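# this one's structure only:
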């Protein structure tokens, strides 16, 4: 029963998918991160279905690209984009660690956050338009698997990285999670998703895994050096950058082969 409660909390927290109300207590939150990649699976399925319908409907490249850029944001409710914006503001402040942490808590968006958001969405739209020119379904499936892969990496970071603060969303999930079980489940998600990507397209699969791994390595170093650990905002930043890196890497590899 607690597993189902954890599943509901995972979707309630990290998506806009309607879920029944459950109590957020220590018992029910033990395995929340184990189900986090399932949110990515739902996003991937929706992106694939939308791309299939729009490709068959002969819609324009710009409309197609914008829609596929917005679908993950709409389904997730923008929770990860919020972390991306706060982190961009904090990193661009070039202040001391405490100042950066205080910027993460600030509900106001600074100039660098707006610039970062604009660049992020323009880049995303541009890369999706490149995929539209080919319409290779295998490449699309690899990209959609990236939404699962990024969340598996993110869940792994929550239970293995030190916390930057004694409070906050990331610290709450760290305190309540069954860390060893969650770590093993995240590794299983990573292995299975990687295997599926490689089966779909070896070249695109290698590109996706390599890009996500490099971003994870950067994320780990950045968290420790700049903030002293992980926060919920930093996890959201990683997720957005990882998804964009996977999309970019896979499409670039397809263009080269």
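Okay, I see it. In this text the structure is predicted, and so the values were computed from the model without any measurement.

# tell me, how many residues neighbour residue 128?
Applying other C-beta atoms under 10 Å, we find 22 residues neighbouring residue 128. C-beta coordinates here come from the backbone N, C-alpha and C atoms, glycine included.

# tell me which element the closest residue to it other than its chain neighbours is part of?
Spatial nearest neighbour of residue 128, chain neighbours left out: residue 65 (3.8 Å); criterion: C-beta to C-beta, 6 or more residues apart in numbering. Assigned by DSSP states H and E, residue 65 belongs to helix 61-76.

# identify each buried residue in that helix, please.
64, 65, 66, 67, 68, 69, 71, 72, 73, 75, 76 (16 or more other C-beta atoms under 10 Å).

# report the distance from that helix to the chain centre.
Offset of helix 61-76 from its chain centre (C-alpha atoms, centre = their mean, to the nearest Å): 15 Å.

# need the contact partners of that helix.
14-17, 39, 42-43, 46-47, 50-51, 54-55, 81, 121, 124-126, 128-129, 132-133, 147, 243 (C-beta atoms under 8 Å, 6 or more residues apart in numbering).

# quick one: buried ones out of those residues?
Among the contacts of helix 61-76, those buried by neighbour count (16+ other C-beta under 10 Å) are 14-15, 39, 42-43, 46-47, 51, 54, 81, 121, 124-125, 128-129, 132, 147, 243.

# just the ones of these in helices?
Counting by DSSP state H, the buried ones among the contacts of helix 61-76 place 14, 39, 42-43, 46-47, 51, 54, 81, 121, 124-125, 128-129, 132, 147, 243 in helices.

# how close does residue 190 sit to residue 201?
18 Å (C-beta to C-beta, to the nearest Å).

# next, the angle helix 61-76 makes with the strand or helix carrying residue 92.
Using DSSP H and E, residue 92 sits in helix 79-93. Relative orientation of helix 79-93 versus helix 61-76 (axes from the mean of the first three to the mean of the last three C-alpha atoms, to 10 degrees): 100 degrees.
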